[in-house]
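Novice: Predicted structure and sequence below. I'll ask about it afterward.
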Amino acid sequence: MSHEPALPAGAIGVEAVAMTMRFGDFTALDNVTLNVVPGSFHALLGENGAGKSTLVKCIMGFYHATEGALLVDGREAIVRDPVDAQRLGLGMVYQHFTLVPSLTGAENLLISRADAPQVISWRKEMSKLHAFVESMPFKAPLDRPVSSLSAGEKQKLEILKQLYLGTRFLILDEPTSVLTPGEADEILGHVRALCEAGQISVLMITHKFREVTQFADDVSILRRGKLAGSGEVSSLSHDEMARMMVGEQVQNGGVTRAATEGETVLSLRDARAKDRSGLKSVDIAKLDVRAGEILGVAGVSGNGQTELMEMLTGQRNLTGGEIRVKGLPYHASRREAKALKVRYLPEEPLHNACAPHMSVAENLAFRQFDVNGSDRPRFWKNKREMLATAGDRISEFNVKTASVHSPIASLSGGNVQRAVLARELTGEVDLLVVANPCFGLDFAAVSAIRERILAARNGGAAVLLISEDLDEILELSDRVVVISEGQIVFETATANANTAEIGAHMAGHG
Amino acid sequence: MSDTTTASPSGASVAFAQWLPRIEAVVIPLAALLGGLLVFSVFLLVLGKSPVDFYGLIYKAGFSTPFSWQNTLSRVSPLLFAALCVALPARLGLVVIGGEGAIVLGGLAAAVLGTMLIGAPSTLGLLVMAIGAAGIGALWIGAVGWMRFKRGVNETIASLLMAYIAIALMNHFVEGPFRDPASLNKPSTAPLPDSLRVGDMPIGIEVHWGFAVGVLACVLAWVLIDRTTIGFAARIAGDNVRAAQVQGLPVGKLIIGFTALGGAFAGLAGFFEASAIHGAANGSLVAGYGYTGILVAFLARHNPLAIIPVAILLAGFEASSGLIQRRMDLPDATILVMEGIVFVVLLFSETLYGKIAVFDPKFWGGRA
């Protein structure tokens, strides 16, 4: 088969009909119907874990939907894998670049073809590629290695690659998360023009309302795997979209909380650090947590939450400003953490708070193994005491394990989290820093863990709760702040919080 | 063990389940060793030699008579120390393979200090030489740990390349500033006086004290890792450095401390080589013990107590190379080929942990 890569033969429509996707007991996508009209620009909004990625992966054939059907160009289509999807004219640009950095743009385009020739006549191919790029409404450099291109150029090349492969229905997964606002506007403008010219239809996953109102025709909003709403962008306000995205007001009345107003325990002032990419920085101008309160830090993932946690645990050096605990400068050393009674529950506990190959008993001993009963340093490890304490914690926190000697990696996620809670919440706690404590856990584990966190608060601890789950924050917190682009952009008391307002700030639109 | 209580479905099966990982840690390396020897047999058959004769000669030359035991045990000491130089950093997840450099520099330091201490009391002189050798080894390998922690330099490559620098430094000093003018064919430092030579243990065969000190070092290293809070902290950092950081453990100090301690042991191997075997520092210090020590440590799964029997076995292999060369008309590097094949099979066997059903508690009806 040596068909020439044809220009898109016009936009096609795609419709997901009553699609449901279950992973074991977990329903990631629940009866979702979504219709992308040919030549339209359709935005897909939702929080982390709302099911957006699951939906597009079902469309692209990475997953096979448990129930429901897919209509491509009005006909029912079976997409077994991404190769099938490409044959049908479906293409996707992923959140992270999939270009080979050491190859040039032209080489990247050519190798992406399923029918790339065994022996390449570069002169012939280059003239064809140039002719193809000339016919496109925007350009990207073909002769330079991709590693030397800017993020915007790379993203253009990704989209050109899809057009080159004959994509007529294009999925964009948060295409602007790595771009500057200027680059984002330019690229979405080009994509919009392609839609208007009737060459492609687009389904774009995004968190940003601004992009929805500026570029999209229609919008569908997912929440907790269900379709929370959809319609023409022009007929929906930001407020309505935010409400659909984050849900109706959650009353935290079911939770018993002691009314306490304590002294400030944790305070950050102009605390700055480089982010993971090293290009941008996280800059917390002012953040205070008082004893007896839970401060929730809400935000879309990747806006500096991980970095904030690492700054607090001493894993990321500050480039400026300071962190104080009970008025004393704090650098997260073992001695300081012990003296000031600071405890951490990092996200993904097996990955960040446990030694996976060591036993449950050993993992439970991490905080106390080097001191004796009267908090004096000790040299000899006391295995007998370690095992006895582990037994007590296991029964007290209801950790299900075959034995205290089992490696902690053999436990279920909920039980790993219970074991870490058992370790960190025993004894007096003055400051508790928590990140996404319930991510990926089942219902029973979630409620048990939230109870423990509330109990710590009611016991007088200051709690900083960093979570990507807004419901969790609204249920547990006394106050909420929103982190966006590495900064605290909004603060409100939970009692009079307006979810639409919080959602708008999370979406970078204050 | 009496303290296996708590949260157990049935005491006996849990106690048994607890032993499964340890049985696994013995059976898999043993199987790898046998598998490697089996593959090597094929190599011998291709050469037209009898594997039965070959392994028979190893037994004869290494383990059959008091004389062969003397031949074997006199080579154990540097292997014990060199293996500790691999096993201690391994607790922190570091793969240090440059112990050879610390051995060579330790030997040089001991011999040079010895020439300055002629006339000093024997015990004091030997102590100073040993401390000097251990100190330079600690600096050399500790520097590898420091570069790893401060700058993220790969410790495996850094330590290997530094071994070549160490050998070049030793050659430089032995052929230059510290050369004994009387050493004509083989440049050496001045010979150590008898009072600064480490003697043999009073056990009837000629095995120097390095064997006893090496065994003691292994036992102490085991106590450090298994019985102290420092060893426990090192195991946490080795298994998951993020968890160690969140707990506020001093990861940098642990890395530098454990690499330096491993280097100190390798330096001691050099001290015994120079003082007990060669009586001076010269090219003979570059005997490859540092590299065989890597194989010893991996076969022992970095358990200091297991290093002792494994080192004796490998010393027996090396002791037999002369006899094999004479009797079977094979080059003495044949033993290196055998060790290399065993190492490759051993590295492959690392992928088998947790994948063999009989070592899973579920296989025996226990809960996961």
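Specialist: Received the coordinates, thanks.
Novice: drop to CA atoms for contacts and neighbour counts, all remaining ones
Specialist: OK.
Novice: what bridges to the closest residue to A:Gln95 other than its chain neighbours?
Specialist: Nearest non-adjacent residue to A:Gln95, counting by Cα to Cα, 6 or more residues apart in numbering or on different chains: A:Asp173, 5.0 Å away. Under DSSP bridges, the beta-bridge partners of A:Asp173 are A:Ile205.
Novice: A:Asp173 and A:Leu44, how far apart?
Specialist: Separation of A:Asp173 from A:Leu44 (Cα to Cα, to the nearest Å): 9 Å.
Novice: helix or strand for the residue most central in space within chain A, which one?
Specialist: What sits nearest the mean C-alpha location of chain A, by Cα atoms, centre = their mean, is A:Ser301, with 4.0 Å. A:Ser301 is part of no helix or strand, with elements assigned from DSSP states H and E.
Novice: same thing with A:Thr389?
Specialist: A:Thr389 belongs to helix A:383-396, assigned by DSSP H and E.
Novice: Restrict that helix to CA atoms and write it as CSV.
Specialist: The C-alpha coordinates for helix A:383-396 follow below in CSV (Å, rounded to 0.1, in the frame of the first residue of the first chain):
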residue,chain,number,x,y,z
LYS,A,383,13.1,-4.8,67.0
ARG,A,384,10.9,-6.2,69.7
GLU,A,385,9.5,-2.8,70.5
MET,A,386,9.1,-2.1,66.8
LEU,A,387,7.0,-5.2,66.3
ALA,A,388,4.9,-4.6,69.5
THR,A,389,4.2,-1.0,68.5
ALA,A,390,3.3,-2.1,64.9
GLY,A,391,0.8,-4.6,66.3
ASP,A,392,-0.9,-1.8,68.3
ARG,A,393,-1.1,0.6,65.4
ILE,A,394,-2.4,-2.0,63.0
SER,A,395,-5.3,-2.9,65.3
GLU,A,396,-5.9,0.7,66.3
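Novice: Enumerate every residue touching the closest residue to A:Phe366 other than its chain neighbours.
Specialist: Spatial nearest neighbour of A:Phe366, excluding adjacent residues (Cα to Cα, 6+ apart): B:Gln247 at 7.3 Å. B:Gln247 sits next to A:Arg334, A:Phe366, A:Arg367 when contact means Cα atoms under 8 Å, 6 or more residues apart in numbering or on different chains.
Novice: Apply 10 Å and report the result again.
Specialist: Counting by Cα atoms under 10 Å, 6 or more residues apart in numbering or on different chains, B:Gln247 touches A:313-314, A:332-335, A:337-338, A:343-344, A:353-354, A:366-367, B:233, B:236-237, B:241.
Novice: so how far is A:Val429 from it?
Specialist: Going from B:Gln247 to A:Val429 by Cα to Cα gives 15 Å.
Novice: swap in A:Asn31?
Specialist: Relative to A:Val429, and taking Cα to Cα, A:Asn31 is found at 44 Å.
Novice: what about the two, which has more around it?
Specialist: A count of neighbours by other Cα atoms under 10 Å in any protein chain shown puts A:Val429 above the other of A:Asn31 and A:Val429, at 20 against 16.
Novice: Which phi and psi values does the more buried one adopt?
Specialist: A:Val429 adopts backbone torsions of phi -120, psi 130, taken as degrees, to the nearest 10.
Novice: Closest approach to chain B from the stretch 151-300 of chain A, which residue is it?
Specialist: A:Arg276 (15.2 Å; Cα to the nearest Cα).
Novice: what sits against that residue?
Specialist: Each residue near A:Arg276 by Cα under 10 Å, 6+ apart is listed here: A:Val282, A:Gly302, A:Gly304, A:Thr306, A:Glu307, A:Arg316.
Novice: Need the pLDDT of it.
Specialist: A:Arg276 is assigned a pLDDT of 77 by the prediction.
Novice: how would you label it: helix, strand or coil?
Specialist: Secondary structure, DSSP: H, G, I helix; E, B strand; the rest coil: A:Arg276 is coil.
Novice: swap in the one 10 residues further on?
Specialist: For A:Lys286, the reduced secondary structure class is strand; criterion used: three-state DSSP.
Novice: and stretch A:429-448, which residues are buried?
Specialist: Using 16 or more other Cα atoms under 10 Å in any protein chain shown as the test for burial, stretch A:429-448 gives A:429-439, A:441, A:445-446.
Novice: could you redo those as JSON lines and give each row secondary structure and distance to chain B?
Specialist: Output for those, formatted as JSON lines (DSSP: H, G, I helix; E, B strand; the rest coil; distance: Cα to the nearest Cα, whole Å):
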{"residue": "A:Val429", "secondary structure": "coil", "distance to chain B": "15"}
{"residue": "A:Asp430", "secondary structure": "coil", "distance to chain B": "16"}
{"residue": "A:Leu431", "secondary structure": "strand", "distance to chain B": "14"}
{"residue": "A:Leu432", "secondary structure": "strand", "distance to chain B": "13"}
{"residue": "A:Val433", "secondary structure": "strand", "distance to chain B": "11"}
{"residue": "A:Val434", "secondary structure": "strand", "distance to chain B": "12"}
{"residue": "A:Ala435", "secondary structure": "strand", "distance to chain B": "13"}
{"residue": "A:Asn436", "secondary structure": "coil", "distance to chain B": "16"}
{"residue": "A:Pro437", "secondary structure": "coil", "distance to chain B": "15"}
{"residue": "A:Cys438", "secondary structure": "coil", "distance to chain B": "18"}
{"residue": "A:Phe439", "secondary structure": "coil", "distance to chain B": "18"}
{"residue": "A:Leu441", "secondary structure": "coil", "distance to chain B": "19"}
{"residue": "A:Ala445", "secondary structure": "helix", "distance to chain B": "19"}
{"residue": "A:Val446", "secondary structure": "helix", "distance to chain B": "22"}
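Novice: ok, the residues you listed vs A:Pro38, which is closest?
Specialist: Within the buried residues of stretch A:429-448, proximity to A:Pro38 (Cα to Cα) peaks at A:Phe439, which comes in at 37.1 Å.
Novice: now the helices for the stretch 101-250 of chain B?
Specialist: B:122-151, B:155-175, B:210-227, B:229-239, B:241-246 (DSSP state H, counting those that start in this stretch).
Novice: buried ones in the fourth one?
Specialist: Think helix B:229-239. By neighbour count with 16+ other Cα under 10 Å, helix B:229-239 contains the buried residues B:Thr229, B:Ile230, B:Gly231, B:Phe232, B:Ala233, B:Ala234, B:Arg235, B:Ile236, B:Ala237, B:Gly238, B:Asp239.
Novice: now the fourth one: how far from B:His302?
Specialist: So the one you mean is B:Phe232. Taking Cα to Cα, one finds B:Phe232 at 15 Å from B:His302.
Novice: go on, the first one?
Specialist: Distance of B:Thr229 to B:His302, given as Cα to Cα: 18 Å.
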